[in-house]
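**Student:** I'll drop the sequence and a predicted model, then ask my questions.
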Amino acid sequence: MSGLTRRLLGFMASDLGVEREALDRAFRGKRQTVAMHHYPPCRHPDKVIGITPHHDGLGLALLLHVDDTPGLQVKRDGRWFPLDPLPGALVVNVGDILQVLTNGKYRSAEHRVLVDAERGRATVVMFQDASVAGTVKPLPGLGEARYREIEYGEYVKGNFRGLAEGTRFVDSLETNRFC
Ligand SMILES: O=C(O)CCC(=O)C(=O)O
Ligand SMILES: [Fe+2]
């Protein structure tokens with residue numbers, strides 16, 4: 001786990017009032033994946049999309065803008081908002097697993113990437129995975145569990161299935177789904 005991730009998790013743990021060690025343990029020693037994206041300029045930006053709307057399925061994502069081309073957008077209250085690059089800043093994305101770990105207190109945001117008519121765009125994203133003793137479940141001390149516990153491998157399979165079907169697997173883990 002990177003020092004930055006550890007610091008971010010420390011802030012989150014004190015904000016949530018949970019044991020810092022519990023959140024740390026969920027991320028420590030887990031897989032880190034790096035994705036490099038290049039979005040070439042496109043003369044018809046209204047007809048194509050860089051990345052379709054999605055939620056990041058894993059724990060935490062740290063995104064670095066390599067240039068100053070905008071494109072990333074986040075959805076809030078049904079509207080898309082741009083997240084323009086800031087020099088020296090990283091975008092921190094809460095993933096679905098962190099949403100479950102925090103019992104829904106931190107929510108994973110839907111985002112997408114638009115392309116630019118004139119300029120290419122490049123980003124580097126580091127995904128930090130997380131799990132609790134081989135499972136995905138809310139940490140203790142955050143009230144009644146809003147998500148059911150699931151074995152980590154089953155979560156990953158379900159998450160990929162959801163991506164392929166255009167549904168969000170984490171929704172199916174909600175305990176009060178049909179109430
Ligand atoms: O390149 C970006 O701005 C976003 C990439 C992204 O959302 C992802 O890799 O999951
Ligand atoms: Fe993403």
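**Tutor:** Alright, I've got the coordinates. Residues are numbered from 1 along each chain as shown. Ligands and ions are numbered 1, 2, ... in the order given.
**Student:** name the helices or strands packed onto the helix or strand His38 falls within?
**Tutor:** Per DSSP states H and E, His38 falls inside strand 32-39. With contacts taken as 3 or more Cβ pairs under 8 Å, 6 or more residues apart in numbering; DSSP states H and E, strand 32-39 sits against strand 121-128. Any C-beta I mention is one placed from the backbone N, CA and C, and that applies to glycine too.
**Student:** Disregarding residues adjacent in the polypeptide, which is nearest to the residue sitting furthest away from the middle of the chain?
**Tutor:** Distance from the C-alpha centroid of the chain, by Cα atoms, centre = their mean, peaks at Arg43 (29.7 Å). Spatial nearest neighbour of Arg43, chain neighbours left out: Ala117 (5.8 Å); criterion: Cβ to Cβ, 6 or more residues apart in numbering.
**Student:** Which pLDDT value belongs to Cys179?
**Tutor:** You'll see Cys179 listed with a pLDDT of 55.
**Student:** which ones are touching the residue nearest the centre of the chain?
**Tutor:** Note on the chain: the residue nearest the mean C-alpha position is Gly95, at 2.5 Å, using Cα atoms, centre = their mean. Gly95 sits next to His55, Asp56, Gly57, Leu58, Gly59, Leu60, Ala61, Ser108, Phe127 when contact means Cβ atoms under 8 Å, 6 or more residues apart in numbering.
**Student:** Could you pull out the strands in this structure for me?
**Tutor:** 32-39, 51-54, 60-65, 72-76, 79-82, 90-94, 111-113, 121-128, 135-136, 150-151 (DSSP state E).
**Student:** Please say whether there is contact between the second one and ligand 1.
**Tutor:** Yes - shown here: strand 51-54 in contact with ligand 1 (Cβ under 6 Å from any ligand atom) through Ile51.
**Student:** gap between that strand and the chain center?
**Tutor:** Mean-position distance between strand 51-54 and its chain equals 12 Å (Cα atoms, centre = their mean, to the nearest Å).
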